[in-house]
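Participant: Sequence plus predicted model, see below.
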There are 2 protein chains.
Amino acid sequence: MSIRIGILGYGNLGRGVECAIRQNQDMELMAVFTRRAPETVKILTETAKVCHINDVSDWKDKIDVMILCGGSATDLPEQTKEYARIFNVVDSFDTHAKIPEHFENVDAASKSGNNVAIISVGWDPGMFSLSRMYANAILPEGKDYTFWGKGVSQGHSDAIRRVEGVKDGKQYTIPVESALEAVRNGENPELTTRQKHIRECFVVLEEGADAKKVEAEIKNMPNYFADYDTTVHFISEEELKAKHSGIPHGGFVLRSGKTGVNKENNHIIEYSLRLDSNPEFTASVIAAYARAAYRLSKEGQSGCKTVFDIPPAYLSEKSGEELRATLL
Amino acid sequence: MSIRIGILGYGNLGRGVECAIRQNQDMELMAVFTRRAPETVKILTETAKVCHINDVSDWKDKIDVMILCGGSATDLPEQTKEYARIFNVVDSFDTHAKIPEHFENVDAASKSGNNVAIISVGWDPGMFSLSRMYANAILPEGKDYTFWGKGVSQGHSDAIRRVEGVKDGKQYTIPVESALEAVRNGENPELTTRQKHIRECFVVLEEGADAKKVEAEIKNMPNYFADYDTTVHFISEEELKAKHSGIPHGGFVLRSGKTGVNKENNHIIEYSLRLDSNPEFTASVIAAYARAAYRLSKEGQSGCKTVFDIPPAYLSEKSGEELRATLL
């Protein structure tokens, strides 16, 4: 029997989860839940229903794992604890500083409903966190580095679009290659914000806007751009659409650590991602952890978990025997 | 209370484990067990004993985890199943094709002794296997690549030293950079043995040996060198000692996979290692898994496990709360 999946929230991430389910033979999408009028939402999966979010509890016994695809700012802090009372859930809560609080809330809720909840699943938090954790456990004496990009930062693109005179814009975060190389060479550099990442902006101006003024305002924007070397390119609306409508991302997690009688040997552990589609990759990670949530629940477990708590084999469709024979 | 560790076998790996234990505050080395006369073996840890391997069962209640540091060819197939009856054990069994058989033997033995055994721990098998497994679970449709090096291959160095006229030698396995780049670019190339790795040999000749003949014999050696582009450098014994006495290694594990409605998006997951000391890094991975073996045993678990079965958090000295606050 398939693992019966529900998707709550049908934006970029929800659509990515729908695609990911089609690539996992043991999963079946049962329904998509939306705040919009269901008849206005078209999905890919002909066998699945589109339902209003208010009807979600009718599905309690028809869905094994509910995947929560809302945003971290306002949706997930409320939704995950609410729906973890009813379903096994997986979310991609990514406000790092608030994870401990979110964990506590979801842990209580999921235990009260006797469900499994896996939070903060994706690539950062998610696979990047796992890399940091494994590398820290292996090399207790060392230094961690995380570089993001090359990729589109949604928050920085939004910030550009709020500048007066800007019609549209996209921002790429790019790691500084020489900094990355210094880490790889075991130099253990101390890096400032400016030394780690470059910000590159592609901007479409409103008619009659002052390019010099817009450029200055972007480059001097505190928090977002002032601490970085930022370049601004003015392009046409057509070019923005043609060349910058994708949502690529990625990055690098490195740990440089010492071993030996006198700490004479250095080791570099590096994990990196090059993603054509940030939401589709996040969705693919979530799908694998939905399998883990289902299995843990079948074993009678409950409560909140993170990627740190899940035995890797629980993510795979293959049996332990197959995994040992083919991937070990 | 510390986790009390024993080391069985005191070669490069055993010495590496001893160093790793010094970097983990919650572990204490109790004793090293050797087939040699104990009084001839000098260890670094003043508080630990050196004992003969025949006396190992006297330590049943004084050691929490026994780390087995023998070789995979003849030692571990016998030792792991023997000592898993008495102790929680960790080994680095690395004969990939024989892992399923080894697992079965050790599983039965460890269950009969009510102990936990974690086998095939290190970087390949070990961290590379984990990378392959996670990446396969996340991207079910894709292609795997593993490149080894740059590093010293013990087996190939031994093969060189068996050639008539060779006094000493070292062999480096080197990944072909252009092949690695093609994978990173999402080209999904089909690669032959020759296209993936280069073999570079540094050879010291016996006096009067025929260099041309030695070079030809190495380059045409079946299995070891004939299928590769091999270069042979003749150097002096002094140079070999000065420049080639380290045991560096490493490599790259990549998965290239597709997602999207029409599989239009490509993703590259890459994990890589650059290790100054192959045995010390392997030992560091083993030390972290010794912690996991101890904890699982404390929980009342028994039987054989691999890296696929262990929740990542079990490797870390930090609590779940600390991990979520600092590394997620």
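Facilitator: All right, it came through fine. Worth saying up front: this structure is predicted, and the values here are computed from it rather than measured.

Participant: Tell me which helix or strand whichever residue of the stretch 51-200 of chain A sits closest to chain B sits in.
Facilitator: Ranking the residues of the stretch 51-200 of chain A by distance to chain B (CB to the nearest CB) places A:A137 first, at 3.8 Å. Placement of C-beta: from N, CA and C, glycine included. Using DSSP states H and E, the element containing A:A137 is helix A:127-138.

Participant: I'd like to know which elements that helix is packed against.
Facilitator: Packing partners of helix A:127-138 (3 or more CB pairs under 8 Å, 6 or more residues apart in numbering or on different chains; DSSP states H and E): strand A:142-148, strand A:249-259, strand A:265-275, helix B:127-138, helix B:278-298.

Participant: can you list contacts of it?
Facilitator: Residues outside helix A:127-138 that contact it (CB atoms under 8 Å, 6 or more residues apart in numbering or on different chains): A:120, A:142, A:144, A:146, A:251, A:253, A:255, A:257, A:269, A:271, A:273, A:285, A:306-308, B:127, B:130, B:134, B:138, B:269, B:271, B:281, B:284-285, B:288, B:291, B:312-313, B:315-317, B:323, B:327-328.

Participant: Run through the helices of chain A in chain order.
Facilitator: Ranges of helices in chain A, per DSSP state H, are A:12-22, A:75-83, A:99-112, A:127-138, A:154-161, A:177-184, A:193-196, A:211-219, A:237-243, A:278-298, A:320-326.

Participant: got these as TSV, with mean pLDDT and mean neighbour count columns?
Facilitator: Putting the helices of chain A into TSV (pLDDT from 0 to 100; neighbours: other CB atoms under 10 Å in any protein chain shown) gives the following:
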stretch	mean pLDDT	mean neighbour count
helix A:12-22	98	23
helix A:75-83	98	21
helix A:99-112	98	19
helix A:127-138	98	24
helix A:154-161	94	17
helix A:177-184	97	15
helix A:193-196	96	14
helix A:211-219	97	16
helix A:237-243	97	12
helix A:278-298	98	24
helix A:320-326	97	16
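
Participant: how far away is A:Q79 from B:V106?
Facilitator: 45 Å (CB to CB, to the nearest Å).

Participant: swap in A:A211?
Facilitator: 69 Å.

Participant: ok, back up a step: what's the angle from the helix holding A:A137 to strand A:265-275?
Facilitator: For helix A:127-138 against strand A:265-275, the angle by axes from the mean of the first three to the mean of the last three CA atoms, to 10 degrees is 170 degrees.

Participant: what's the offset of helix A:127-138 from the middle of its chain?
Facilitator: Relative to its parent chain, helix A:127-138 has a centroid offset of 16 Å by CA atoms, centre = their mean, to the nearest Å.

Participant: now do the same end-to-end measure for stretch A:261-281.
Facilitator: 42 Å (CA to CA, to the nearest Å).

Participant: and of the helices of chain A, who's closest to B:Q23?
Facilitator: helix A:127-138 (10.1 Å; CB to CB).

Participant: and the angle from that closest one to helix A:99-112?
Facilitator: 100 degrees.

Participant: between helix A:127-138 and helix B:278-298, how big is the angle?
Facilitator: When the same axes, to 10 degrees is applied, the directions of helix A:127-138 and helix B:278-298 differ by 100 degrees.

Participant: Need the contact partners of stretch A:263-270.
Facilitator: A:131, A:134-135, A:138-139, A:141-142, A:183-184, A:186, A:252-259, B:127, B:270-277, B:280-281, B:284.

Participant: Show me what counts as buried in it.
Facilitator: Going by neighbour count (16 or more other CB atoms under 10 Å in any protein chain shown), the buried part of stretch A:263-270 is A:N265, A:N266, A:H267, A:I268, A:I269, A:E270.

Participant: which among these gets closest to A:K170?
Facilitator: A:E270 (27.7 Å).

Participant: Go ahead and confirm A:W123 touches A:V285.
Facilitator: Yes - with contact defined as CB atoms under 8 Å, A:W123 reaches A:V285; the gap is 6.3 Å.

Participant: Find residues that contact each of those two.
Facilitator: By CB under 8 Å, 6+ apart, no residue touches both A:W123 and A:V285.

Participant: before we move on, the earlier item: identify whichever of the helices of chain A lies nearest to B:E200.
Facilitator: Nearest to B:E200 among the helices of chain A is helix A:177-184 (20.9 Å), distances taken as CB to CB.

Participant: Near the closest residue in space to A:A159 that isn't next to it in sequence, how many residues? Count them for me, please.
Facilitator: Spatial nearest neighbour of A:A159, chain neighbours left out: A:Y224 (4.7 Å); criterion: CB to CB, 6 or more residues apart in numbering or on different chains. Neighbour count for A:Y224, taken as other CB atoms under 10 Å in any protein chain shown: 20.

Participant: Kindly report the same for A:G250.
Facilitator: A count of nearby residues for A:G250, using other CB under 10 Å, gives 24.

Participant: Could you check how far it is from B:E39?
Facilitator: With CB to CB as the criterion, A:G250 and B:E39 are 56 Å apart.

Participant: do A:P77 as well
Facilitator: 65 Å.

Participant: For A:E317, what are phi and psi?
Facilitator: phi -70, psi -20 (degrees, to the nearest 10).

Participant: Distance of it relative to chain B?
Facilitator: Distance of A:E317 to chain B, computed by CB to the nearest CB, to the nearest Å: 7 Å.

Participant: Please list the residues of the stretch 1-150 of chain A that sit near chain B.
Facilitator: Proximity of the stretch 1-150 of chain A to chain B (CB under 8 Å from any CB of the partner chain) is limited to residues A:16, A:19-20, A:23-24, A:44, A:96, A:99-100, A:103, A:120, A:125, A:127, A:129-134, A:136-141.

Participant: if we can go back for a sec, could you point out which of the helices of chain A sits nearest B:V50?
Facilitator: helix A:127-138 (26.8 Å).

Participant: Just the CA trace of that closest one, in CSV.
Facilitator: Provided in CSV are the C-alpha atoms of helix A:127-138 (Å, rounded to 0.1, in the frame of the first residue of the first chain):
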residue,chain,number,x,y,z
MET,A,127,21.0,18.8,4.4
PHE,A,128,23.4,21.6,5.3
SER,A,129,22.6,21.1,9.0
LEU,A,130,23.3,17.4,8.7
SER,A,131,26.6,18.1,7.0
ARG,A,132,27.6,20.5,9.7
MET,A,133,26.6,18.0,12.4
TYR,A,134,28.3,15.0,11.0
ALA,A,135,31.5,17.0,10.3
ASN,A,136,31.5,18.4,13.8
ALA,A,137,31.1,15.0,15.4
ILE,A,138,33.9,13.6,13.3
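
Participant: Can you check what angle separates that helix from strand A:249-259?
Facilitator: Using the same axes, to 10 degrees, the direction of helix A:127-138 lies 0 degrees away from that of strand A:249-259.

Participant: and helix A:127-138 with helix B:12-22, angle?
Facilitator: Going by the same axes, to 10 degrees, helix A:127-138 makes 100 degrees with helix B:12-22.

Participant: Measure how helix A:127-138 sits relative to strand A:142-148, angle-wise.
Facilitator: Going by the same axes, to 10 degrees, helix A:127-138 makes 170 degrees with strand A:142-148.

Participant: Name the residues linked to A:T173 by a beta bridge.
Facilitator: A:G151, A:R199 (DSSP bridges).

Participant: check contacts around it.
Facilitator: A:T173 sits in contact with A:W148, A:G149, A:K150, A:G151, A:V152, A:S153, A:H156, A:H197, A:I198, A:R199, where contact means CB under 8 Å, 6+ apart.

Participant: from those, which would you call buried?
Facilitator: A:W148, A:G149, A:K150, A:G151, A:V152, A:S153, A:H156, A:H197, A:I198, A:R199.
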